[in-house]
Structure formats: C-alpha cells, structure tokens
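1. mind looking at a prediction? Sequence and model below.
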Amino acid sequence: MEGGRAWKVDGGGTLPLLSAPSLMIANIIEYKSLVSHFIKKDLKVRYHMSILGFGWTLVEPILMTAAFYVLFSVLTQRVETYGVLKIMVAYMSWIYLQRILASSTTMLESKSGLIQAVYFPREIFIFSLVGVEAVTLFLSLLVAIPLLHLYTISLTWRIVYLPISILLITLLVTGIGLITSIIQTRIRDMEYIVKFLIRVGFWMSPVWYTLESISRVPPEYLDTYLFLNPLAVYLTMGRSAFTGDPLGISETHIFSSVVVSIAMFWIGSIVFMRMEGGAVKYI
Amino acid sequence: MTDSREIYENCIELDDVYLEFPLHHSGNSTLKEFITKRFSRRLSENEESKTDNASYEEEFRGVTTLIWDSVENADGYRVLIRDDYFDAITDKYETTENKYRFNWDKRDAEHRFRYRIQFTTEISSDWIDLEDYVYLEPPSVKTRTVEVISQVVQSKSKGKSFRALNGISLEVKNGEVLGILGENGSGKSTLLKLIGRIYSPDSGTSKTKGNITLLTSLGSGLERNLTGRENIMVTGTIFGMDQKELEIKIPEIIAFSGIKSEFIDQPLRTYSSGMKSRLGFSIISHLDPDILLLDEVMSAGDYSFRKKSERRILEMVGGRATVVIVSHDIGLLERLCDRVVAMKYGRIVTHGDYEEAVEVYES
C-alpha cells in the first residue's frame, strides 16, 4: 500500500489547514480496497446469526414510524398529507446520522488492538463506518417505493434533494465524528456527552414532526432555530425530495446550512490529522 | 526541522527522536490539571522541562565466558553450575553453542562456583560429561560510573510525562539485520512501533522507505464472528497484501496454521486460543515486507508450532528484507544479526558491537 513511498514525520507536525480534507480523501482513495473490505466485513458481522438479518434495517424504522405517526396525529389533532412518508424518511436519516455519531466517537478507542498492531491512516475506520451506514440507509430507503405507490406520488426534479441532503448530513456528522473520536481517546466523557446530545437533538429536530407543523412559532424564532439547527434544513430537504413539495426555507438558511456542513467536515479533518499521532498514546 | 532528503530503498533512518507518554491522572484531576496548565502558561512564558539526572559509583565483577571444544555429532550442550556454599547444582543451562557466559554480578560474592560441561547426541538422549568439575576463578572487583537518567519529565505546558525514547538516532541499511537488546521498559518495543509508524515522534524525524510489517502477537486484530478464511482475507488486506496475491497465498497460510479444513470455514469464536494465535501468526508471517520488525513473537501455539514459526522467522530474516529484531535471547541475536545495540532509559547506549551490547544488557 505504501509501497516505495517515503514518509516523514515532522517534529512539531505541520498543520495542514487548507489541504486537510483533500489529504484525507486522497488517503481513502489510496486505501480504497481496505475501506471496501472493512465495509463488507462490518455488514457481514452486523446481522450475523439473526433470522431477520437485513430485515431489521426495515422493520425497526417502520415500527418507529408507525408509533411516531400515531403520536403526531394525537398531539396535533390533524392528519398531515403524506405524513407516514415524511416521518419515515426523516427518521431513517436520523438513524443514519445517530449511528455514525455514536459509533465514530468510540471508534478509535475500540480498535486499539488493531491500531497498536499495524499502521494505516486511522480515518479509514471512520470512513468505513460511514460507508456501512450509507449502505444501510440506502437499503432502508427502498421502503419509500411502495409508499410512493400508495400515495400515488410521482417523483419530480426535487428528488435531487435526496442525495444533497444525505451528503450534507454525512459531511456534518463525519466532521463531528472525527473530532469526538479523537477527544474520546483522552477524555472518556465524550461518549456520554455525544449520547446526550443525540437524544436532545432528536427532539429538537423535525424528525417526527415537520417544519410546517410548528408554524405557530413566531417567524423570528423559527429563523434563529434554522440557523442553529442545520439538521432541520437537511431533513426537510430529504422529505421534499420524495413529496415534491417546495422546501419553504429561505435561501439564506439553505446557504448557511451548507456552509456549516462543509466547515464542520473541514475542521474535523484538520483536528483529526493534527491529533491522530498523539491520540495513539492514550489507547 | 524538516529534512526533505530522500532515503534509499528499504532503509530506516531515525534522527534524534523523542517520544513522551503522558502519565495517567485520575479522572477528577484532569480538569484541575487542564485549568492549572492554562493558567500557569500565562504566568511564565519560559517553560522548561525538568529532569533529574544523577550518577553514582558502582562495584562490579563482570562476566566470564566459558568456551569449550565442540564435540562431533553433539546435538546440544549443558552447563552445570555448582555452588559450593549450598553444595548443590544451582544452574542447568542448555545450549546448542559451545560457550556460556557466567555473570558474576548475579551471584553471591562470597560463594565459590564449579562448572561442568555435558553434551548429548541424537543417538542417545543421555547427558555425557565432557569434563569434570572445574573451579571458576572470580575476577577482580572493578568500579564504574552508573548514570541514572530520570525518564519522568515535568513540563509546565504538558504536565508530567514519561520519556520512552530519549534522543534516538539510528540508521539501518538495506538488507541489514539489526538486533536490539535491553531490559523491560527500556523502550525497545516503543522504538519498533515508532519505526512501524504506529507512534509518531514528538520531535526528531523518522524516515522509512518500503513496506513495513511489525510482527507482534495478533489476537485482538482478528474478528470473532468471521470465519478463519474471511479473517485471512481481511487481515491480509489490512497488512497491505493485494487481492490476487492473497488468493494465491491462502492455501499456504491455512496449511501453515495447521487448522483443519472443517474449522477453517467456521467463525473464529469456535476456535481455541491456540488456534487463533496460530492463525494470526500464519497470516502475518506470510506477508512479504521490505522491512520486517520482530518483537518477541515466538510465543504462539504449542511446542511443535513454536518450532515451525521459529523456522519461518529465520526464513524471513534470511531473505532480502531489512530486519530489526527485539529479543531477550542473546544467542538468537548473535546468530541472526549483523549488528546488535543495547537500549537503556530510552537511549541507544552502544555502537553496534555484539559483545558491548551484551555487557550493557547483563549489567
């Protein structure tokens, strides 16, 4: 893999600022066979010895969607159009980001045996995880197809929102995961903080409710909310991809949420590259 | 300090490498530590790391090397050491070479010792006396200065840390076999991991060129829920083998591990611990690295597998690879290495001469 390539370690460690994300992606491309191996292995191991197997990626979100739909209908006393579809798409996206966040935080810590035995860029662990979750998300989103038939929705050009929304979510949580995984090696409280934030984030984000359903919130508050929680934008995008409804979010908010996502990935890759070497000493 | 000079194929070059491990604090004091660190940084701009080094005079007697004429057809020798004070044989040392190093500093100064050499042949397994007991003449007592280097470093910005590597410069050329001796905790394994890129130096540079394989015991790297065959594929890929190469090597790896065909497609959790370590060793010993780092690996499996793995390692060392071996087995290092250095307190303290390294190691 590193055949014939000389490598150097600089005492202080030069800080790759602008190039950090591209360096990271170059590493992933160089080690792509290893990444695909890790992904295959994890998929194989995940539903090992279970009867339903991959069925679980469908069963769990479907049941949860049903529960949330009932909850939503009871609380708001109205029937949202395409309600089930909207909740399900957002819930599956939420599961995706939650799994990446939670697992990446403890990733370096749990792979200490391998890290101490052989060198390869450690971000590969995080990216393999993202790969595994992306495959799972894709499979679970297939449930949307029968639902689309049921609601007799025909897809519009807005379906491009789906990959964009997933990409933005991925960049954001990968960035955060890269940082928390490094911090977790030194301060083991990180794991609990992340778990807590995921739980709070679930209720603070439009997963089982929609942005329209909280329209009685005064617009200036909603404005601040969308700035603070870019996930609301991504999740609404994912919904709109299927239903074909307009987003109902101003360009400023879309722009800011894209900036947050890219910035987070950028910062995450800098922090990871800078601190990866030192982190090995703690595990 | 960046040295952008390219280095030659399959070489290792370390220049003034330091590596410190932070000493552990209990969870509660981490926050306190953090705050005081931030605060004290403001107070004093010039922070110095502080080490307490001292030296003292020590008496020593040294080593007597016993050499005897080799016997034809001898399969092995045995040295018996008899302590007159106890009137009993206190040591039995079996070796395949015709020499033994008797260390006076590990014995009671007042006692008198006798030794006798025995040998065995393939035909009979009995020990045959080579000569009668001979008294060992104690050498004269000498003095030397012992330098004590404190490896615990107190720095205001980083807190307390342990300096595992303390300014190491090292060069290993293409095809060279280097042995490293040193007592536990002298930094040998850390050095090997640093060469293998697992640790990166805090200061100094470490350069290598070529595929590196660090051979350590590999139990934890294997996946419990995958089969033996799948584990070979995954681990092989992790260690940098490509797909085609791996597929060719798989039968060889399975055969070497000695795992029966009914088990190789079973998940690893059904394996005994011996089978797991045998599989782990088989995989990494079938890599074909340019640079091979060996860290006391001859401990996998039962007696016959250990013999087999030792032979395999000798094969790998004998090949074209550049090798660094860490071992406590002085005889093994003498047989295999072009150069042996000794480590102490995270430093390399000798210059590559075997005798000198052994002397430091045994002192």
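-> Cool, got the structure.
2. where does chain A dip in pLDDT?
-> Along chain A, segments meeting pLDDT under 70 span A:1-16.
3. now the helices for it?
-> Taking DSSP state H to define them, one finds helices in chain A at A:20-30, A:32-46, A:55-76, A:83-105, A:107-110, A:112-115, A:123-141, A:144-150, A:161-186, A:190-204, A:219-228, A:230-243, A:251-279.
4. report the angle between the third one and helix A:32-46.
-> In this case it means helix A:55-76. 70 degrees (axes from the mean of the first three to the mean of the last three C-alpha atoms, to 10 degrees).
5. over to the first one?
-> Here helix A:20-30 runs at an angle of 80 degrees relative to helix A:32-46 (the same axes, to 10 degrees).
6. what secondary structure does the nearest residue to B:P201 once chain neighbours are set aside sit in?
-> Nearest residue to B:P201, sequence neighbours excluded (C-beta to C-beta, 6 or more residues apart in numbering or on different chains): B:V17, at 4.4 Å. In this view, the C-beta of every residue, glycine as well, is placed from N, C-alpha and C. Assigned by DSSP: H, G, I helix; E, B strand; the rest coil, the conformation of B:V17 is strand.
7. just give me the neighbour total for the nearest residue to A:F227 once chain neighbours are set aside.
-> Counting by C-beta to C-beta, 6+ apart, A:F227 lies nearest to A:S256, which is 6.0 Å off, once chain neighbours are set aside. For A:S256, the count of nearby residues is 15 (other C-beta atoms under 10 Å in any protein chain shown).
8. same check, this time on A:I29
-> Neighbours of A:I29 (other C-beta under 10 Å): 9.
9. again, but for the one 3 residues further on
-> Other residues lying near A:K32 total 12 when counted by other C-beta under 10 Å.
10. tell me how far it lies from A:F272.
-> To A:F272, A:K32 is 19 Å away according to C-beta to C-beta, to the nearest Å.
11. what residues are up against B:V152?
-> Going by C-beta atoms under 8 Å, 6 or more residues apart in numbering or on different chains, B:V152 touches B:L23, B:T51, B:K160, B:S161, B:F162, B:R163.
12. now for those, which pair is the farthest apart?
-> B:L23 and B:T51 (14.0 Å; C-beta to C-beta).
13. where does B:R82 land in three-state SS?
-> B:R82 - assigned by three-state DSSP - is strand.
14. find the nearest non-adjacent residue to it, please.
-> Distances taken as C-beta to C-beta, 6+ apart put B:R114 closest to B:R82, at 4.5 Å, once the chain neighbours are dropped.
15. just A:S36 next, same as before
-> A:G131 (7.8 Å).
16. can you show me the helices along the stretch 251-363 of chain B?
-> B:261-264, B:273-285, B:303-318, B:330-336, B:354-362 (DSSP state H, counting those that start in this stretch).
17. which of the ones you listed sits closest to A:R216?
-> Closest approach to A:R216 among these (C-beta to C-beta): helix B:273-285, 61.4 Å.
18. state which one residue of the stretch 151-283 of chain A is found closest to chain B.
-> Closest approach between the stretch 151-283 of chain A and chain B, counting by C-beta to the nearest C-beta: A:G277, at 3.8 Å.
19. correct me if wrong: that residue contacts B:S200.
-> Yes - under the criterion of C-beta atoms under 8 Å, A:G277 makes contact with B:S200 at 3.8 Å.
20. please say which of the two ends up with more neighbours.
-> The neighbour count for A:G277 versus B:S200, taken as other C-beta under 10 Å, is higher for B:S200 (20 against 17).
21. checking that one next. Helix, strand or coil?
-> Per three-state DSSP, B:S200 ends up coil.
22. buried set for stretch B:339-351?
-> Under the neighbour-count criterion of 16 or more other C-beta atoms under 10 Å in any protein chain shown, stretch B:339-351 has B:R339, B:V340, B:V341, B:A342, B:M343, B:K344, B:Y345, B:G346, B:R347, B:I348, B:V349, B:T350 buried.
23. surely the last one and B:S363 touch.
-> No - under the criterion of C-beta under 8 Å, B:T350 makes no contact with B:S363, lying 11.4 Å away.
24. what's the neighbour count on the residue in chain A positioned nearest to chain B?
-> Nearest residue of chain A to chain B: A:G113, at 2.8 Å (C-beta to the nearest C-beta). Neighbour count of A:G113, defined by other C-beta under 10 Å: 13.
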